[in-house]
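>>> Everything below, folded, please.
(one chain, ligands or ions: 1)
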Amino acid sequence: MKLNFGVKENGTVILGSKVACDGMIDEKMETLVFSHAHRDHLEHNYIANAYTLDKSVVMTEETRLLAATYGNTNLETNFHLQTVNPQEALNFNDYSVELFEAKHILGSVQILVDYKKEGKFLYSGDFGAEVINIPESDFLVIDSTYSEMFNKNSWSQESAFNELRQEINSAIQESPVFIVGDPGVLEIALHELAFWDKIPKIISRDKEKKWANIYKSKNFDLPVVLSEESDEEEVRSLKFENYIQTAHNRKNIGDNPGGKVFVLKNFGIDRHEPINKINTNQYLVGLSSHAYGESLFKYIEKVNPSVIVTDYFRGKNNAKTLATSIEKEMGIKTYSSTEVEIT
Ligand SMILES: [Zn+2]
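Numbering: from 1, shown residues only. Purely as a prediction, here's the structure:
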């Protein structure tokens with residue numbers, strides 16, 4: 001199918017003739033917009049590439065701050081980035097760009113491009129089930145990461161956090177506790193645990209420390225994070241007693257960290273319990289920052305598009321299944337991005 005929007009093989013999302021998102025912009029386009037700071041959406045070399053081609057680069061301030069915690073360029077001074085708040089339209093010659101809160105991680109947005117001639121294009125980006133401000137659009141590129149899950153959880157996110165709080169409270173009486181979660185998921189979990197008046201300091205690495213400080217600056221309730229890399233002495237003294245250590249990546253705590261490990265994952269739909277004991281020291285905890293099932297359909301209903309493309313690049317297992325079920329359930333023409341030739 002030939003369309004003027006979709007997702008290229010390298011993951012770049014194309015919205016009409018002028019705007020690219022979350023990837024490499026090419027010569028013939030004008031503006032590159034980023035949906036959020038996860039690395040399957042944003043790398044510094046995408047921005048450097050746009051800069052060398054003299055293109056505008058747009059993102060939220062929170063995304064810029066979070067993306068500055070990785071990569072090797074200085075996003076504060078390099079590349080003339082343009083930061084914009086949600087729902088403040090940026091006007092260009094024959095189109096405008098507007099961002100809408102996506103409730104996935106801090107700073108994450110949906111991207112709406114409104115052309116005078118071509119119509120409206122929306123890229124959902126990754127979005128959470130609680131997303132509220134959903135714009136109408138003629139054409140939609142939708143995240144398909146968790147789309148194959150059409151059953152409801154047998155438990156709520158809130159009860160999952162309550163159970164996790166109890167488990168960690170009792171685990172830390174006996175041994176150190178390690179909490180591993182993807183960027184954004186980890187910080188929300190720490191915020192929800194809300195026992196940092198009792199445990200004011202935890203241990204992590206530089207990147208997690210920076211993410212914690214950014215979330216704290218936006219009024220999230222997180223503890224002081226000491227970095228093994230840059231606060232060595234204080235970390236050593238904290239380790240005289242049982243402590244909490246966190247990581248964005250399982251690798252960073254080693255194979256046998258000597259304590260109880262809680263791995264936060266985007267699952268839970270097929271499981272009956274939010275917290276699953278894998279062995280004596282390992283727990284898998286179901287938490288989600290992606291919308292799935294019913295809430296995906298509700299999202300699409302609000303957008304009310306005439307054609308949809310599902311993102312195969314970031315949802316290889318689900319893009320085709322999702323496209324088929326949207327067509328069947330909602331009667332809207334839907335293609336997996338692999339079926340689309342972008343013109
Ligand atoms: Zn993401």
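>>> which secondary structure elements does the lowest-mean-pLDDT helix or strand in the chain contact?
The weakest-scoring helix or strand in the chain, judged by mean pLDDT, DSSP states H and E, is strand 275-279 (a mean of 86). Under the contact definition 3 or more C-beta pairs under 8 Å, 6 or more residues apart in numbering; DSSP states H and E, strand 275-279 sits against helix 157-174, strand 282-286. The way it works is simple: take the backbone N, C-alpha and C, and place the C-beta from them, glycine included.
>>> Can you give me the buried ones in the longest one?
Using 16 or more other C-beta atoms under 10 Å as the burial criterion, the residues of helix 157-174 that qualify are 157, 160-161, 164, 167-168, 171-172.
>>> And for the shortest one?
Buried residues in strand 282-286, counting neighbours by 16+ other C-beta under 10 Å, are found at 283-286.
>>> How about the stretch 51-200 of the chain: which residue is closest to the ion?
Per C-beta to the ion, D126 is where the stretch 51-200 of the chain lies closest to the ion, at 3.7 Å.
>>> pretty sure that residue is touching A37, no?
No: contact between D126 and A37 fails when scored by C-beta atoms under 8 Å: they sit 10.7 Å apart.
>>> what is in contact with those two at once?
Listed as contacting both D126 and A37 by C-beta atoms under 8 Å, 6 or more residues apart in numbering are 105, 108.
>>> Any buried residues in the helix or strand harbouring A323, and which?
In the assignment (DSSP states H and E), A323 maps to helix 319-330. Neighbour counts over helix 319-330 (16+ other C-beta under 10 Å) mark 319-323, 325-326 as buried.
>>> ok, residues contacting that helix?
Residues outside helix 319-330 that contact it (C-beta under 8 Å, 6+ apart) are 142, 144, 147-148, 150, 296-297, 300-301, 308, 310-312, 315, 332-339.
>>> so how far is that helix off the chain centroid?
23 Å (C-alpha atoms, centre = their mean, to the nearest Å).
>>> Same question for stretch 233-245.
Mean C-alpha position of stretch 233-245 versus that of the full chain (C-alpha atoms, centre = their mean) differs by 30 Å.
>>> buried residues in that stretch?
235, 238, 242-245.
>>> Let's see that stretch as PDB, backbone CA atoms only.
This file holds the C-alpha atoms of stretch 233-245, laid out as PDB (Å, rounded to 0.1, in the frame of the first residue of the first chain):
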ATOM      1  CA  GLU A 233      32.100   6.500  50.200                       C
ATOM      2  CA  GLU A 234      28.500   7.200  51.200                       C
ATOM      3  CA  VAL A 235      27.400   4.100  49.400                       C
ATOM      4  CA  ARG A 236      29.900   2.000  51.400                       C
ATOM      5  CA  SER A 237      28.500   3.300  54.700                       C
ATOM      6  CA  LEU A 238      24.900   2.700  53.600                       C
ATOM      7  CA  LYS A 239      25.800  -0.900  52.900                       C
ATOM      8  CA  PHE A 240      26.600  -1.600  56.600                       C
ATOM      9  CA  GLU A 241      22.800  -2.200  57.000                       C
ATOM     10  CA  ASN A 242      20.200  -3.600  54.700                       C
ATOM     11  CA  TYR A 243      19.700  -1.300  51.800                       C
ATOM     12  CA  ILE A 244      17.700  -0.800  48.600                       C
ATOM     13  CA  GLN A 245      19.500  -0.700  45.300                       C
END
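>>> That's all I had, so thanks and see you.
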